[in-house]
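In: sequence and computational prediction follow.
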Amino acid sequence: MRFIVKKQADSARRMFLTIIDAELKGRKLEEGKKMIDLTHRHYAGDEKNWEEIEKDIEKAYSIHFIGNESVKKGIKNKEKTASIQGVKHAMIIKG
């Protein structure tokens with residue numbers, strides 16, 4: 001399974017990651033008032049496998065997982081996830 005990974009840093013040099021199931025690239029998810037537009041450049045990143053991502057996850061301050069596989073691999077408490085059109089997403093912030 002491949003994932004799209006977007007890394008960003010703030011002025012305090014904290015890393016923010018967005019990890020998306022690669023199969024969702026370029027899709028727009030809408031359900032009622034909820035929407036995630038994965039066509040937007042904010043979600044553009046590098047395609048990687050999970051093993052390549054794990055080191056970044058350890059260092060990240062904030063991680064947004066979008067997609068059933070990325071949520072399955074990255075989120076331990078599945079009750080804390082949301083979904084749009086059957087696609088799970090979740091965010092964690094490390095203190």
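Out: All right, it came through fine. Source: prediction; values computed, not measured.

In: for the rest of this, base every contact and every neighbour count on C-alpha atoms.
Out: Fine.

In: which strands or helices does the helix or strand containing E54 pack on?
Out: Here E54, judged by DSSP states H and E, is contained in helix 50-59. Using 3 or more C-alpha pairs under 8 Å, 6 or more residues apart in numbering; DSSP states H and E as the contact criterion, the elements in contact with helix 50-59 are strand 2-9, strand 15-21.

In: contacting residues around the last one?
Out: The set of residues external to strand 15-21 that reach it, using C-alpha atoms under 8 Å, 6 or more residues apart in numbering, is 1-10, 43, 56-57, 59-70.

In: re earlier: need the winner for burial among the helices and strands packed on helix 50-59.
Out: Of the helices and strands packed on helix 50-59, the one with the most neighbours on average (mean count of other C-alpha atoms under 10 Å) is strand 15-21, at a mean of 22.

In: thought I84 was touching L29, still the case?
Out: Yes - taking contact to mean C-alpha atoms under 8 Å, the distance of 6.3 Å between L29 and I84 places them in contact.

In: which residues are in contact with each of these two?
Out: Between them, L29 and I84 have M35 as joint contacts when contacts are counted by C-alpha under 8 Å, 6+ apart.
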